[in-house]
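Undergrad: can you look at this prediction? I've put the sequence above it.
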Amino acid sequence: LFVMADEALFQFLHNEVIQYIYKSSEHGEMENGRCITKLENMGFRVGQGLIERFTKDTARFKDELDVMKFICKDFWTCVFKKQIDNLRTNHQGIYVLQDNKFRLLTQLSAGKQYLEHAPKYLAFTCGLVRGGLSNLGVKSIVTAEVSVMPACKFQVMIQKM
């Protein structure tokens, strides 16, 4: 019961943060971009904090792939109560993390009209992943795309320092 309450709390809080950010800004295309950036930056700071907590008793990672596997298994499970469904890489610094039933999209209807709202429900998580990777010494750009709700793909482009 507590796990369900925990999940619901996170989803409700996430939705409220989105509503707050969008209601406190003027509307328009430019503002939508600013709101997405604010959500992504919030996620970045939360991701940094969570990774510190989750890895304090963890051995160092061998390489970039090892870090990505940790993000897909342990990190994703701690945050979303399930592992990423699929991790792919081109072995040149691009990773694609697929979640077939992304928790923060499941409450949105599967209708095509809701696809345009998907970016604001993914921005925080893009930041979460980028922040987590950042604290593990991996600089990245994280983007997300949805073709069929509630499945989504997060693309992580590693930036060499």
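TA: That came in fine, so what should we check first?
Undergrad: quick one: least confident helix or strand in this protein?
TA: Least confident helix or strand, the chain: helix 2-23 with a mean of 74, by mean pLDDT, DSSP states H and E.
Undergrad: next secondary structure after that one?
TA: The first helix or strand that comes after helix 2-23 along the chain, using DSSP states H and E, is helix 29-55.
Undergrad: spatially nearest residue to the residue nearest the centre of the chain (excluding sequence neighbours)?
TA: Per CA atoms, centre = their mean, the C-alpha nearest to the average position across the chain is that of Thr125, at 2.0 Å. Nearest non-adjacent residue to Thr125, counting by CB to CB, 6 or more residues apart in numbering: Gly43, 6.2 Å away. For every residue, glycine as well, the C-beta is placed using N, CA and C.
Undergrad: neighbours of that neighbour, how many?
TA: Number of residues near Gly43 (other CB atoms under 10 Å) recorded here: 24.
Undergrad: ok, Leu104 next?
TA: Based on other CB under 10 Å, the number of other residues close to Leu104 is 21.
Undergrad: isn't it right up against Ala123?
TA: No: in this structure, Leu104 is not within contact of Ala123 by CB atoms under 8 Å, at 10.2 Å.
Undergrad: follow-up on the earlier one: my guess is the residue nearest to the centre of the chain contacts Asp99, does it?
TA: No: assessed by CB under 8 Å, Thr125 is found out of contact with Asp99, at 9.1 Å.
Undergrad: from the contact counts, what lies against the least confident helix or strand of the chain?
TA: Applying 3 or more CB pairs under 8 Å, 6 or more residues apart in numbering; DSSP states H and E, we find helix 2-23 packed against helix 29-55, helix 118-135.
Undergrad: run the chain-centre distance for it.
TA: Distance of helix 2-23 from the chain centroid (CA atoms, centre = their mean, to the nearest Å) equals 14 Å.
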